[in-house]
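> Make a model of this:
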Amino acid sequence: MGRALELARDAGGAGEVPVGAVVLDETGVIIGEGRNTREATTDPTAHAEVVAMREAAQTRGSWNLEGCTLVVTLEPCLMCAGALLQAHVSRLVFGAWDDKAGAAGSLYDVVRDRRLPVRAEVVAGVEADAAASVLRDFFAARRDA
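So this is what the prediction gives:
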């Protein structure tokens, strides 16, 4: 989560919503990392999770990230939850809850939906205060500007 928080702060410094993510392989080695880059790339899918999973897939040479863990500072949205299921990510670890758009337990629970053929283990609230603080500080500064 430490590296994901660094990436989130980098995103905020670049004017992006401060969310960071890393993908760990089965041994705990980071094989992909990302931060929000929607503004810089004009890509609506350039959420931190998607960027990190793309890099992990390139590193692995396969779209299949079974056995991997996605660590992200904010609960994934519907798009990112769907993407991690499509990539067969085995475990999701996230920091802050997103009660407006979260799809891993708050608003929706797509990643653990028993109706779907693939599910992920979820570990929620890791460094939640630090992750929420990065977001709060970013939006407070924008409101004050």
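> which stretches of the chain have low pLDDT?
In the predicted model of the chain, residues 145 satisfy pLDDT under 70.
> ranges for the strands of the chain?
20-24, 30-35, 69-74, 91-96, 121-124 (DSSP state E).
> Could you check how far the last one is from the centre of its chain?
The one in question is strand 121-124. Counting by CA atoms, centre = their mean, to the nearest Å, strand 121-124 is centred 12 Å from the centre of its parent chain.
> re earlier: just put the strands of the chain in a markdown table and tack on distance to Thr45 and mean neighbour count.
The C-beta positions use only the backbone N, C-alpha and C, and glycine is treated the same way. Listed next are those as a markdown table, based on distance: least, CB to CB, whole Å; neighbours: other CB atoms under 10 Å:
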| stretch | distance to Thr45 | mean neighbour count |
| --- | --- | --- |
| strand 20-24 | 13 | 28 |
| strand 30-35 | 11 | 22 |
| strand 69-74 | 15 | 28 |
| strand 91-96 | 18 | 24 |
| strand 121-124 | 22 | 14 |
